[in-house]
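**Q** prediction below, plus the sequence it came from.
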Amino acid sequence: MTNIVLLDGGMGQELIRRSPDAVTSLWGAVVMRDHPQLVQGLHEDFIRAGATVQTLNTYSLTHPRLDKKGAPELFEPMLQRAGELALAAVDATGADVIIAGSLPPLVGSYHPASTLPVEEAAKQYAEIVAHQTDYVDVFLVETMSSIKEAQGALAGTQAAGKPVWLGFTTDDEDGTILRSGEPLAEAIAAVKDAPHLAALFINCTRPESVDQGMPILAQCGLPFGAYANGFTHIQSSYVPGATVAELSTRTDLTPDAYADFAMGWVEAGATLIGGCCEVGPAHIATLAQRIESAGHTIVKDLPR
């Protein structure tokens, strides 16, 4: 049987459901300022569900995103707050888990055309990494839409010297290509020898798309995995700065249905499994049960 690292699910959508406030494009940042107990509580719920990796709630904390909304002052204090809340959740539960720093697209998700030049992106990622590194065990580079976007993020992590897990987001209809149109196989070849890169995965796309990309990912020569979203489709009209209110949620992706997909990835050799947007604690709890029922062991880290 296999050791499986079980990540948490999506923070943003679940926090929207739990908060009395309306969603804004600064949601991920201001919720930590205005309702920190919700963030810590959700971390705790994911831990109790069985997740052995807790990801910092820092997906919206990049300079381009905050500057565009006139809130650059949130950058440093909310990066610190995110780390503090994750640590507080671990302390409150007494769980033996690791913490991952989230390194998202700098400008906006799903839009490779908005990607910054590699050198400029590397500097911005390095600043985020510097603020996260005291809190985290691993860096989670996620939702990369193009090779260039991934290369900028990877370059920005190198000074920290910590393991990096990198995720590409693939086309909703064709999981063999990135949202940039570049073949997934070419993307893997372009990054797989980067220093400190310890795992590759597909994330923030439909689970059906993950199914299509999994055979390609399985050839990467590194530990691999996936965590999919629960949106019906990422519309081309979804532009950087838009809110998730413009995306539709699937009604068929129940905890059992999601676990069916995820267990298929495990059968294909994936050892890094979790959930993205619209995948909540109930999904992770069901997935944890299914993993253990199949005779696998849930662990907190990849072998090094």
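**A** Thanks, I have the structure now. Numbers count the residues shown, from 1 in each chain.
**Q** all strands for the stretch 101-250 of the chain, in order.
**A** With DSSP state E, counting those that start in this stretch as the criterion, the stretch 101-250 of the chain has strands at 138-144, 164-168, 197-203, 224-228.
**Q** which residues in this protein form helices?
**A** Ranges of helices in the chain, per DSSP state H, are 11-18, 27-34, 36-49, 63-68, 75-93, 118-132, 147-157, 184-191, 207-217, 255-267, 281-293.
**Q** out of the ones you listed, deepest packed?
**A** helix 147-157 (a mean of 24; mean count of other CB atoms under 10 Å). C-beta here means a position set from N, CA and C on the backbone, and glycine is covered the same way.
**Q** for that helix, packing partners?
**A** Helix 147-157 sits against strand 98-103, helix 118-132, strand 138-144, strand 164-168, helix 184-191, with contacts defined as 3 or more CB pairs under 8 Å, 6 or more residues apart in numbering; DSSP states H and E.
**Q** run through who's touching the third one.
**A** Residues outside strand 138-144 that contact it (CB atoms under 8 Å, 6 or more residues apart in numbering): 53, 55, 59, 98-105, 109-110, 129, 132, 150, 153-154, 157, 160, 162-169, 178, 198, 203-204, 301.
**Q** which of these count as buried?
**A** Using 16 or more other CB atoms under 10 Å as the burial test, these include 53, 55, 59, 98-105, 109-110, 129, 132, 150, 153-154, 157, 160, 162-169, 178, 198, 203-204 as buried.
**Q** where in the chain is pLDDT low?
**A** The model of the chain has pLDDT under 70 over residues 232-247.
**Q** ok, the closest residue to residue 59 other than its chain neighbours - contacts?
**A** Excluding the flanking residues, the one nearest residue 59 by CB to CB, 6 or more residues apart in numbering is residue 104, at 4.6 Å. Residues near residue 104 by CB under 8 Å, 6+ apart: 58-60, 62, 142-143.
**Q** now the residues you listed in a markdown table, with distance to residue 287?
**A** Below are the contacts of residue 104 laid out as a markdown table (distance: CB to CB, whole Å):
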| residue | distance to residue 287 |
| --- | --- |
| 58 | 24 |
| 59 | 21 |
| 60 | 26 |
| 62 | 29 |
| 142 | 18 |
| 143 | 20 |
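**Q** and which of those residues is nearest residue 265?
**A** Closest approach between these and residue 265, by CB to CB: residue 142, at 16.4 Å.
**Q** roughly how far apart are the closest one and residue 166?
**A** 8 Å (CB to CB, to the nearest Å).
**Q** now do residue 155
**A** Applying CB to CB to residue 155 and residue 166 gives a distance of 12 Å.
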